[in-house]
Each structure stands twice: as C-alpha cells, then as structure tokens.
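Colleague: could you work out the structure for the sequence below:
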Amino acid sequence: MRQKTRRFAPFVTGETAMPRPLLPHPSPARTALLLAALCAAHLALYATARAQEGPDERRCTGQWRATGEERIASCTALIDSGRYQQANLAILHRDRGVAMRAKGDLAAAVTDFTQAISLNPDYARAYADRGSVRLMQHNLDVAIADFDTAIRLDTNDAGAFMTRGNAFDEKGDFDRAIADYNEAIRLSPNYAAAYFNRGLAFRHKGDFDHAIADYDQAIKLDPKNASALNNRGIVWFEKGDLDRAIADYNLALRIDANFAPVYNNRGDAWRAKGDTVRALADFDRAIQLSPQFALAFGNRGLVYYQKRDLDRAIADFDAAIRFDPNYADAYRNRGDAHDDKGDRNAAIADYNEAIRIDPKNARFYYDRGIALRRDGDLDRAIVDLNEAIRLNPQHAGAYNERGYAFYQKHDLERAIPDYNQAIKLNPKFAVAYNNRGNAFDDQGDSDRAIADYSEAIRDDPGYAAAFYNRGITWRHKGDLDRSIADYDQAIRLNPTAIAYNNRGSAWLAKNEIDRAIADLDQAIKLDPRLADAYINRGDAKREHLDFADAIADYTHAVELAPNAALAFYNRAWAHYLAGENVQALADADRAITLNGYSASAFSTRGLVRERLGNAAGAIADFRRALEIAPTFQQPADGLQRLKATR
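Modeller: Predicted structure coming up:
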C-alpha cells in the first residue's frame, strides 16, 4: 500500500464584520445650521414660504425622523422650489444623495453628489460621499480619486481618511490603508471605527498582534461593539488560540444574540477543535437566522465532509453555491466531496468553476491535479500541479503530489527531487518522507527507504502507512522479525486487509503456517476480493499438504484476477504436487503466457513435462528457466537428471 498526500477540506473562516462605516456624516443639527447660515439672506425675503418649507428642510436634512422616501421627496421639493442659491442647492443635492445611498439607489446617489460638486466645486463632503458610493460599487480607483480631492479640500476630515483607507484595503494596498487609518486616528483619537478598520488591514497583512491591539482599542471605545469582538475572535482563531476565539464570540453573542455571522465563526472554531456536535449546532443557528447565508452552508458542508457524510456535505455546498454563485471555495469543497465519492467528472467540473472564479488560487489547481491523477491522467495532473507551484512556490503539498504523479509514471529521477523540495519546505511532512521512501525502495536503496519511513513515523507516530511500507522494506532485506513488528503496528493503527495479508505472508516465510493462515483468513474477511490473500493462503495450505483447499484458494484468486500469473503458477505447482499433471501443465502454460519471464513457471512446466515423458520439452523449459535465472538450482538439477547440457 502506497500512501499519497492526505486530502482534507480546509476551513473557510467567515470574516463577518460589521459593515464598514462608509463615512461619518455631519450631525443633523450641524447640517441644518449650515443650511440656515448659507440660506439666511435668501430665505429672509420669503418668510411665508420659509414657514411652509420648514418641515421639508427638517426631513431633508434628517432633523426629523422620516422614511427614505419621505426624505427624498422633501429634498426634491426644496430643490425644485427655485428658491435656493447655488451653494444651498449643492447642500440639498448632497442630502438627497445621502438618502438615495441609504435606500440603495447608488446610481441616483452618484448623480446627486456629482450635481452638488458641479454647483460647488469646493464641496469636500460631496466628494467624500461620492467616493463612498464608488467604493460600494467597487470602482476603487475612481473612489480614491474622490477621496483625494475631499482630503485636499479638507485636510482635517478623519472620515475621508478612514474611507480612503477602506478603498486601499480593498485594493490589497494594506500599507497605504494603514497610513490613512493612522491619520484618521491622529485627527480623531476616539474614532472606534478607524481602529476597527485598521485592525482589519493588519489582519489582512498577517500582523495579528497589531490587529488584536486595534480591536482591543475599538472595544474599549465601544464596549457594545459585537462586530469588534467577532473580528478579534477571528484573529485569535487564525493565531490558533481557539479558546480565546470562542470566548470573544460568546461575548459578541451576549451583546447580539441574533448575530448570525458570529454563530458561523464560533461553529468554525468548534470544528477546528474537533467538536462537530457544537459546530453543527452553531451553523444550524446561523442558517436559521439567515436562511441565505452561503458561508454558513459552506462551513456546515465541511463538517459533514469531515464526518464522511458526503451526500449531506454536497447538499450544503449546493446551497452555498445557489446563494452565492461566485463562492469559489464552495465549488472546490464540493469537488473534493465528489472526488471522494469517485465521481471524477463532477469533481473536475467543480474545480474548473472554482478556477474560473479565482484563477490565481493555487489550491484549486492542486485539487484538480489530485483528481486528474486519481483518474489516471498523469500528464494533465502534472500541468495543474506545475501551475499550483508557480502560483505558490511554498506549497509543499503540490511538490509532494507532483512527485507522486512522477512516481506513478515510474519517473523516479523526477519524483525524488519533488519530494526533496516538499520536505525542504516542510521538514515535518510525514507523507512526503513516506513517499520518498517508496521511491528509494523501488530504486533498491533499502537503507534510505527505511530512514525515510522512520522519519515519517517520528513526525507522525500514528502514521499506519509508514509502518506498513517500512515492513515491506524490512521484508525485502530479509528481516522478517522487524517486518512483522512493523505490520503489527500498522494493524494496530489501521487494521486493513492488505496489512493482514502482508503479515500473513511474512509468517509464512518464517514457516509459522498456523499464524499465517489466521492472518490471511482475517485479510479475506476484511476484503473478500483481495486476490493476493487467496494466493498466500493457498501457499500456506499447500505447505500443510492440503492440496485441495490450496487449489480452491488459487482458483478463487484466478476468478478475482484472471491475469494474475502467480495464481496460475502456484496452482500449477499444487496440481503437480497432488499428481494432477494435466491440470498442472495447463496452469503452467497459462502462467507463462501471462509472464514470459518467470523462471519458476518454466522450471515447473519442465518438471511436469519430465513427469509426462516429454524430455525434449522439459529440457527446453529448464534451459529457458536458467537463461532467466542462471543460479536457479531446480532447473539445473532437471538438466542433470536428463543428462542434458545448458
């Protein structure tokens, strides 16, 4: 049994923060005062009209509680009244743009902010607001240009710095984002949202300690900020401190018991701790609170995947994709589930879609490469693994998998360097040591193979395959006791049919026939279709001179593996020992047809022909056996008996 890289579905942490504040707006009172100051001279001429328009002003500026539609209607009435000068109209357009933005009509909001700017080109707040909408539209460069202008016009606007920082963060320019958040905090030291967003940027940079410090400060300034507690929990999670992550999620839920993303994130932490019961309960609750929460479906699917409930995992990944068609990881994880079910076409289709959505994600090429390799398409698998390595040269698993693909192509000269690189990148990579051991063993370098298997076992003492493979190599070296000891460990860790089969074969080599038969019985019980176990048990029964049962086992092996030359050869030998020469000859013929380089098969056929009186045929077979194996004594003795030369 040869062990490849272990596949597992990586967790998908939900960064489910509070929506980033777009931009703090002036208070309603401040807006009203500004409007009144700018409009005083004009409005004083129209005292009667002013009294009528007062409620509209209050609704438009947000002084009075009003629906979005009411606020927009009031702003529109004021704009259309014809009573305001240019600077005042700019303010009214900006206020209507704010209402449009709140309503979700981003195009109309941009139109109003643009109109405000055209009426007052020095209106910093209108630039900042338009930039915020363009940020919502992910039009990042244009948004940043608006924030640049807003900051140039008002260098003390902490909100503009913070929101430009958000745009830089979304572009992946974390250093410039942090610089803007720094300036926002300098201008407004108690600006909790700026600390919050700077924490996000530090987290994106992988600077978890600074991220936690910023969330600490955001929480200190706003102790009821459930989103800050949630995000600090995410950072603890990524630092591997699952207990502190769960503690933060618990605090967040005390503040907001219906905060679905926190249930999702706490579920992820429970899953990472191996507590699938609590994880499922949290994901269920997240989905109950937010029935279209794609990430929660995706994460619950991962729990089912880990529990090997592949059908329910696929159903959850289906839902995640239905609610978020661009959820690349859901496609990838569903592909893993399909692959584990043996549905390679469905798996590869999912990996294809994941790559289409995120063509620079090395993990997706890696997984598709594994699926292609499992499907026997080694060349295409290697192409995908090449791309995974190009995108992420530190991906030790990709080197290991590519090495395994080369190994399956019998290209050991390329397999071993890939295993070397995998181990260099991850010196504790037990699977890579095991796989390199397999390659060394195939090269006949038993000592280096054993050294690699031993290192794999040191790195992972529960790695059954490494014990199993080391057992094979000890057997190759003729050290049956060490071989059996390793098979003992392999069986203790993972009692597979093939491990029992190999230990049974080792017991047989030690002439411990009863122990051999016990192991081979267990191998067949675990896997009734394991042809090798029937062959080996046949050998053991033959040693007991139980030729009928031995022949029955060989016959079963032939039925399971019609091209197994060894089964025909061993049955031929049993027939020969039982005096059944015709049957022995037929089986020897078939063994030679299947494997024309078996010295044992030629020698056995020679013995049968000798017994049947076919001296010429026997001599020819003995000579062919010696051509293949010049030191093989049995055919040499046959030629001597027949007084023939080599």
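
Colleague: every contact and neighbour count from this point should use C-alpha atoms.
Modeller: Fine.

Colleague: ranges for the helices of the stretch 201-350 of the chain?
Modeller: In the stretch 201-350 of the chain, the helices defined using DSSP state H, counting those that start in this stretch lie at 208-221, 226-238, 242-255, 260-272, 276-289, 294-306, 310-323, 328-340, 344-357.

Colleague: hmm, I typed the wrong one, I wanted the stretch 51-200 of the chain.
Modeller: Along the stretch 51-200 of the chain, the segments classed as helices by DSSP H, counting those that start in this stretch run 68-80, 86-103, 106-119, 124-136, 140-153, 158-171, 174-187, 192-205.

Colleague: pipe the helices of the stretch 201-350 of the chain into JSON lines and attach mean neighbour count per row.
Modeller: Listed next are the helices of the stretch 201-350 of the chain as JSON lines, based on neighbours: other Cα atoms under 10 Å:
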{"stretch": "helix 208-221", "mean neighbour count": "20"}
{"stretch": "helix 226-238", "mean neighbour count": "27"}
{"stretch": "helix 242-255", "mean neighbour count": "20"}
{"stretch": "helix 260-272", "mean neighbour count": "27"}
{"stretch": "helix 276-289", "mean neighbour count": "20"}
{"stretch": "helix 294-306", "mean neighbour count": "27"}
{"stretch": "helix 310-323", "mean neighbour count": "21"}
{"stretch": "helix 328-340", "mean neighbour count": "27"}
{"stretch": "helix 344-357", "mean neighbour count": "20"}
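
Colleague: ok, which of those comes nearest residue 424?
Modeller: Of all the helices of the stretch 201-350 of the chain, it is helix 226-238 that lies closest to residue 424, at 24.2 Å by Cα to Cα.

Colleague: what about that closest one, distance to the chain center?
Modeller: Its chain's average C-alpha position is 22 Å from that of helix 226-238, according to Cα atoms, centre = their mean, to the nearest Å.

Colleague: hang on, the earlier thing: could I get the helices of the stretch 51-200 of the chain as TSV with mean neighbour count?
Modeller: Below are the helices of the stretch 51-200 of the chain laid out as TSV (neighbours: other Cα under 10 Å):
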stretch	mean neighbour count
helix 68-80	19
helix 86-103	24
helix 106-119	21
helix 124-136	26
helix 140-153	20
helix 158-171	26
helix 174-187	21
helix 192-205	25
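
Colleague: put together a markdown table for the ones you listed, with distance to residue 265 and mean pLDDT on each row.
Modeller: A markdown table is the format used below for the helices of the stretch 51-200 of the chain (distance: least, Cα to Cα, whole Å; pLDDT from 0 to 100):
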| stretch | distance to residue 265 | mean pLDDT |
| --- | --- | --- |
| helix 68-80 | 33 | 93 |
| helix 86-103 | 28 | 94 |
| helix 106-119 | 31 | 97 |
| helix 124-136 | 24 | 96 |
| helix 140-153 | 28 | 97 |
| helix 158-171 | 22 | 96 |
| helix 174-187 | 24 | 97 |
| helix 192-205 | 16 | 96 |
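
Colleague: dump those to CSV, plus distance to residue 460.
Modeller: As requested, the helices of the stretch 51-200 of the chain are exported to CSV (distance: least, Cα to Cα, whole Å):
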stretch, distance to residue 460
helix 68-80, 62
helix 86-103, 56
helix 106-119, 56
helix 124-136, 48
helix 140-153, 47
helix 158-171, 40
helix 174-187, 38
helix 192-205, 31
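
Colleague: how far out from the middle of the chain is stretch 262-279?
Modeller: 17 Å.

Colleague: check the gap between residue 614 and residue 620 for me.
Modeller: Distance, residue 614 to residue 620, by Cα to Cα, to the nearest Å: 10 Å.

Colleague: neighbour-wise, which of the two wins?
Modeller: residue 620 (17 against 13; other Cα atoms under 10 Å).

Colleague: now that one: which helix or strand?
Modeller: helix 615-628 (DSSP states H and E).

Colleague: return that helix as CSV; C-alpha atoms alone will do.
Modeller: What follows is helix 615-628, C-alpha atoms only, in CSV (Å, rounded to 0.1, in the frame of the first residue of the first chain):
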residue,chain,number,x,y,z
ALA,A,615,12.1,-35.0,-22.2
ALA,A,616,12.7,-32.5,-25.1
GLY,A,617,10.0,-30.2,-23.8
ALA,A,618,11.3,-30.5,-20.3
ILE,A,619,14.9,-29.7,-21.4
ALA,A,620,13.8,-26.7,-23.3
ASP,A,621,11.9,-25.3,-20.3
PHE,A,622,14.8,-26.0,-17.9
ARG,A,623,17.2,-24.2,-20.3
ARG,A,624,14.8,-21.2,-20.6
ALA,A,625,14.5,-21.0,-16.8
LEU,A,626,18.3,-20.9,-16.5
GLU,A,627,18.5,-18.2,-19.1
ILE,A,628,16.3,-16.0,-17.0
